[in-house]
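*Asks:* Generate a structure from the sequence data that follows.
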Amino acid sequence: MLTERQELILKTIINDFTQTHDPVGSKTVMNQLPIKVSSATIRNEMAVLEEKGLIEKTHLSSGRVPSTEGYRYYLDNLVEPLQISSSVYKKIINQLDQPFHQVNDIVQEAVKILSDLTNYTAFAEGPENSDLTITGFRIVPLFGRQIMAILGTSDGDVHDQVYNLPYNIHGDDIERAVRMINDELVGKTLDQVTPEFLKKTLGQKLKAAHVSELIDLVEDVISDAASEQMYVDGQINLLNNISLSDVSNLRSLYEMIEHNDLISSILDNRQNLKSDRYPVRVSLGSELSNDLLKDYSLLTAEYSVGSHGKGIIALLGPDNMPYSQVIGLLEYFRNELSKKLLDYYGRFK
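*Replies:* Sure thing, here's the model as predicted:
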């Protein structure tokens, strides 16, 4: 552990660097410290911090910048989330004050707001709710042999997928199957409708050559409804943290997001949220599993919607971001998102 004065100096260096992105010298620290300390004393303390690996010297300046270890110490011991400004508060409230028709619409809007406010890449996962029940199943003809299978759930969401029907399945067969599927599935939770349940229940009653295709169709739609939906916004903001020499990495970053590798990291972080000092967990690039993220930080927060489950929101931005402001924003935002979703679910009671 550091002395109180060393902590003040480290905190000052990090706060200044995250605002200016310029190396910080002893005179700058002296002018910003809340206590009176000589420049010589500050230089000595900075030498100790450098020896401990918490700050480092750049080849371009005599000033110091935080190291990864310095950021980690700061995040674990010193960071103080700031209250959001009234203008940011009003923007969040106004953009969430819309007549949303589905949970997915609310979560998608949430990532857009976060991305717009921070100029970072934002992620959000809708609340997990294993108690969701099926309220209806329909099949709508499209063109030729194409149909759309539609599943309604008790949270008001609608899940649909388009399929090509085999030639041995006819309209009368479909109508009869839909009636039977509704008889068997409506009122059951998504967790109850397992592949085994479908094969046992529908397989015995749908005595036809096409029963396996119909069961696969229903299974696909239910699997989609029960799966974790992750929403992303602000991928273009990755450009803000890419130097000209690293442009070649941008494609790989985009592919990592598209292929859910980064999303897996976010979900993994969920397991550690409760062990952190604050509700917002910060993972530095060196702590993430991909070298492409070495200059980034991933902020993750869990939000709760009571009996309707929990979800997560996350931000990916540069490792020299202003943590106090961003952590304060994410803390506030997760609470507002919870309120909005609770209000939405309240309409279905």
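
*Asks:* Now stretch 279-291: buried residues?
*Replies:* 279, 280, 281, 282, 283, 284, 285, 286, 288 (16 or more other CB atoms under 10 Å). C-beta here means a position set from N, CA and C on the backbone, and glycine is covered the same way.

*Asks:* from those, which is closest to residue 127?
*Replies:* Using CB to CB, residue 279 comes nearest to residue 127 of the buried residues of stretch 279-291, at 15.9 Å.

*Asks:* pretty sure the closest one is in contact with residue 302, am I right?
*Replies:* Yes: judged on CB atoms under 8 Å, residue 279 makes contact with residue 302 at a distance of 7.1 Å.

*Asks:* for residue 190, what are its contacts?
*Replies:* Counting by CB atoms under 8 Å, 6 or more residues apart in numbering, residue 190 touches 130, 132, 133, 134, 153, 222, 225, 226.

*Asks:* Quick one, grab the pLDDT at the closest residue to the last one other than its chain neighbours.
*Replies:* The shortest distance from residue 226 to any non-neighbouring residue, by CB to CB, 6 or more residues apart in numbering, is to residue 190 (4.3 Å). Confidence at residue 190, expressed as pLDDT, is 80.

*Asks:* Which pLDDT value goes with the nearest residue to residue 69 once chain neighbours are set aside?
*Replies:* Leaving out its chain neighbours, the residue that sits closest to residue 69 by CB to CB, 6+ apart is residue 53, at 4.8 Å. The model reports residue 53 with a pLDDT of 95.

*Asks:* do you know how far residue 53 is from residue 73?
*Replies:* 10 Å (CB to CB, to the nearest Å).

*Asks:* ok, now residue 126?
*Replies:* Counting by CB to CB - residue 126 and residue 73 are separated by 35 Å.

*Asks:* Same check on residue 106?
*Replies:* As judged by CB to CB, residue 106 and residue 73 stand 37 Å apart.

*Asks:* Am I right that residue 50 sits in a strand?
*Replies:* No: counting by DSSP: H, G, I helix; E, B strand; the rest coil, residue 50 falls outside a strand, being helix.

*Asks:* same for the one helix or strand residue 183 maps to, what does it pack against?
*Replies:* Using DSSP states H and E, residue 183 sits in helix 171-185. Applying 3 or more CB pairs under 8 Å, 6 or more residues apart in numbering; DSSP states H and E, we find helix 171-185 packed against strand 134-141, helix 195-205, helix 211-226.

*Asks:* buried stuff in the longest one?
*Replies:* The one in question is helix 211-226. 211, 213, 214, 215, 217, 218, 219, 221, 222, 225, 226.

*Asks:* Does anything pack onto that helix? Which helices or strands?
*Replies:* When contacts are defined as 3+ CB pairs under 8 Å, 6+ apart, helix 211-226 packs onto strand 134-141, strand 146-153, strand 158-164, helix 171-185, helix 195-205.

*Asks:* which residues are in contact with the next helix-or-strand element following it?
*Replies:* With elements assigned by DSSP H and E, the helix or strand that comes after helix 211-226 is strand 230-233. Here strand 230-233 makes contact (CB under 8 Å, 6+ apart) with 104, 107-108, 110-112, 114-115, 121-126, 257, 260, 263, 266.

*Asks:* which one is residue 58 nearest to, not counting chain neighbours?
*Replies:* Nearest to residue 58 is residue 23, by CB to CB, 6+ apart, at 5.3 Å.
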